[in-house]
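Chemist: quick one, what's the 3D model for this:
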Amino acid sequence: MFHPPVDLLEDPHALPKRLKAPPTKREWLAMVIAFSAIVGMGLQHRYNIYPFQYDLGNYLRGAQGDFTHYYYAYWLLPLFQALSLLPFWIAFIIWNLLNGIGIWLAGRTFKRDVFWLLIGYQALYTFFQGNITGFTAGSLSLFWVFLRRKRWALAGVFLTLVMTKFQTGIPLGLLLWWFAPYPWKEKLRVFIPVLLIALVSLAIYGFWPLQIVQSLRNAPPDAQGNITLWQWIGPWALLLPLMAWLVFYKMPSLRIVAWIASIFLAQPYLQQNDLLLLFLFTPSIFPILGNLGYILALFDFGYLRFLAFLPLLYYLSLFYVRFRTAKQQA
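Modeler: Residues are numbered from 1 along each chain as shown. This is a model prediction of the structure:
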C-alpha cells in the first residue's frame, strides 16, 4: 500500500504511448466533472455571483504592473498579459482548462489515478482560486517526458515553466533532473533554455527577484492552509531531507520520493492544494484522503493546515518500507 508506486526508470518510450492512449471511462467522467466545475465557476464570475478573484486576479494584476501579491517568476507574465486582455470570466475558464489539462497530463505521465486527482478537493480548490498548481503539474510531466526522451531543449523550456513557482517547482524539477539516468554532461544541456529565458526576462522586466522579495515582505501570502511542519517546529524541519539522504542512501528509488515528501514538510510555506504535486508520487489512498479538506474547511479554513499529516504519513511510511526490507534481507 505504501510502497512508492512510480517507476521513474521505466522505458522512456512508454511515456508518450501512455499520454496518447484514449481516455478511460473513469477519466472521461473526471474530465466532465472538472470541466463542468470550471465552467460553473466561470459563469459565477460572469454573473457577479460571489466574484472571488484571488490567485488568478493577482496574476493578472501582476501582468498589468501591480506586483503586490505576485510571487512567481516574471517569465510567465506574457501569458497573463494575454489573458488580461479578455473578460475575467473567459480568462478564468481558459486558465483553469490549462490547469485541468495539466493535472490530466501529470496523472497519465506518472501513472496516477486521474479520477481522484481531477475531482479531489485540492484540484477543485485550485480551480476556484485560479491557482497555478495544475499548470505546474502539467509542466512537470512534460519536462519529465522530454527529459527521458533526451529532448534537452524542450525539457529545458518545460523545466523553466515548472520553476515559475519557486518553492515547489525548483526542488521537484531539480530532483527529477538529478534522478534521470543519463550522464551529467548531457543533462546539463537542459539548463541552456532555462538560462536564456531567465536572462531575457531580466532584460525585459529588470531585476525582478528583488521585487518578489519586496512583495513577500510587504504582503506575505495568507498562511491559512499552510501544510509545512516549519510552522510548528521551525528550521528543525530541515532535518527531514537530511534523514532521507542518510536512511535511503543505498535505495535511490525510495530516497527520491522521501525527498519529495520532505519538500512538503521542510520549508516555511506551502498551501494545501500543492499536495496535488505530492499525489503524483503516492498511492491513490493519499489523494482520496486529501478530500478531508472538504470537512476541515467547513469548520474553519485554518484547519486545512492539518492536512500536513498526509506528506508526514507518506514520509514515515517510506521509513517503514525501508526497515521492513532491511529486516527481510537480514
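Chemist: rest of the way, CA atoms for contacts and neighbours
Modeler: OK.
Chemist: in the stretch 151-300 of the chain, which spans are helices?
Modeler: With helices called from DSSP state H, counting those that start in this stretch, the stretch 151-300 of the chain shows them at 152-162, 166-179, 184-187, 191-205, 208-218, 230-233, 239-247, 252-263, 275-278, 285-289, 292-299.
Chemist: name the residues that touch the least confident helix or strand in the chain by mean pLDDT?
Modeler: Lowest by mean pLDDT, DSSP states H and E among the helices and strands of the chain is helix 309-329, with a mean of 87. The contact list for helix 309-329, computed with CA atoms under 8 Å, 6 or more residues apart in numbering, reads 2-4, 247-248, 254, 258, 261-262, 264-265, 278, 282, 286, 289-290.
Chemist: then stretch 151-160?
Modeler: 139-140, 142-147, 173, 187, 189-194, 197.
Chemist: and the buried ones among the residues you listed, selectable in ChimeraX?
Modeler: A single ChimeraX command selects the buried members of these (16 or more other CA atoms under 10 Å):
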select :139,140,142,143,144,145,146,147,173,187,189,190,191,193,194,197
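Chemist: got any ranges where the chain has weak pLDDT?
Modeler: 1-6, 51, 326, 329-330 (pLDDT under 70).
Chemist: ok, now which ones touch Pro23?
Modeler: Contacts of Pro23 (CA under 8 Å, 6+ apart): none.
Chemist: wasn't it part of a strand?
Modeler: No. Pro23 is assigned coil when assessed by DSSP: H, G, I helix; E, B strand; the rest coil, not a strand.
Chemist: redo the helices of the stretch 151-300 of the chain as a markdown table? Include distance to Tyr125.
Modeler: Formatted as a markdown table, those follow (distance: least, CA to CA, whole Å):
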| stretch | distance to Tyr125 |
| --- | --- |
| helix 152-162 | 20 |
| helix 166-179 | 17 |
| helix 184-187 | 35 |
| helix 191-205 | 30 |
| helix 208-218 | 23 |
| helix 230-233 | 22 |
| helix 239-247 | 28 |
| helix 252-263 | 21 |
| helix 275-278 | 11 |
| helix 285-289 | 13 |
| helix 292-299 | 9 |
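Chemist: for Gly130, which of those helices is the nearest?
Modeler: Ranking the helices of the stretch 151-300 of the chain by proximity to Gly130 (CA to CA) places helix 275-278 first, at 14.3 Å.
Chemist: tell me which other helices or strands the closest one touches.
Modeler: helix 121-129, helix 133-148 (3 or more CA pairs under 8 Å, 6 or more residues apart in numbering; DSSP states H and E).
Chemist: run the chain-centre distance for that helix.
Modeler: Helix 275-278 sits 6 Å away from the centroid of its parent chain (CA atoms, centre = their mean, to the nearest Å).
Chemist: likewise stretch 299-314?
Modeler: So, by CA atoms, centre = their mean, the centroid of stretch 299-314 is 17 Å from its chain's centroid.
Chemist: what's the end-to-end length of it?
Modeler: Distance across stretch 299-314, first residue to last, is 25 Å (CA to CA, to the nearest Å).
Chemist: in that stretch, which residues are buried?
Modeler: Those would be 303-308, 310-312, 314, for stretch 299-314 by 16+ other CA under 10 Å.
Chemist: just give the closest residue to the residue nearest the centre of the chain, not the sequence neighbours.
Modeler: Note on the chain: the residue nearest the mean C-alpha position is Leu277, at 3.9 Å, using CA atoms, centre = their mean. Residue nearest to Leu277 in three dimensions, not counting chain neighbours: Ala137, with 6.1 Å by CA to CA, 6 or more residues apart in numbering.
Chemist: Ala106 is in contact with the one you found, correct?
Modeler: Yes. In terms of CA atoms under 8 Å, Ala137 counts as a neighbour of Ala106; the distance is 5.7 Å.
Chemist: against Leu147, how distant is Ala14?
Modeler: Taken as CA to CA, the span from Ala14 to Leu147 is 13 Å.
Chemist: same check, this time on Arg217
Modeler: For Arg217, the distance to Leu147 - CA to CA - is 36 Å.
Chemist: then Ile288?
Modeler: Distance from Ile288 to Leu147, counting by CA to CA: 30 Å.
Chemist: kindly report the same for Gly102.
Modeler: Distance, Gly102 to Leu147, using CA to CA: 17 Å.
Chemist: ok, now Phe115?
Modeler: When Phe115 is compared with Leu147 (using CA to CA), they lie 26 Å apart.
Chemist: list the contacts for the closest residue to Ala73 other than its chain neighbours?
Modeler: Leaving out its chain neighbours, the residue that sits closest to Ala73 by CA to CA, 6+ apart is Thr164, at 4.8 Å. Applying CA under 8 Å, 6+ apart to Thr164 gives the contacts 72-76, 136.
Chemist: can I get the residues you listed in CSV including secondary structure?
Modeler: Below are these laid out as CSV (three-state DSSP):
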residue, secondary structure
Tyr72, coil
Ala73, coil
Tyr74, helix
Trp75, helix
Leu76, helix
Thr136, helix
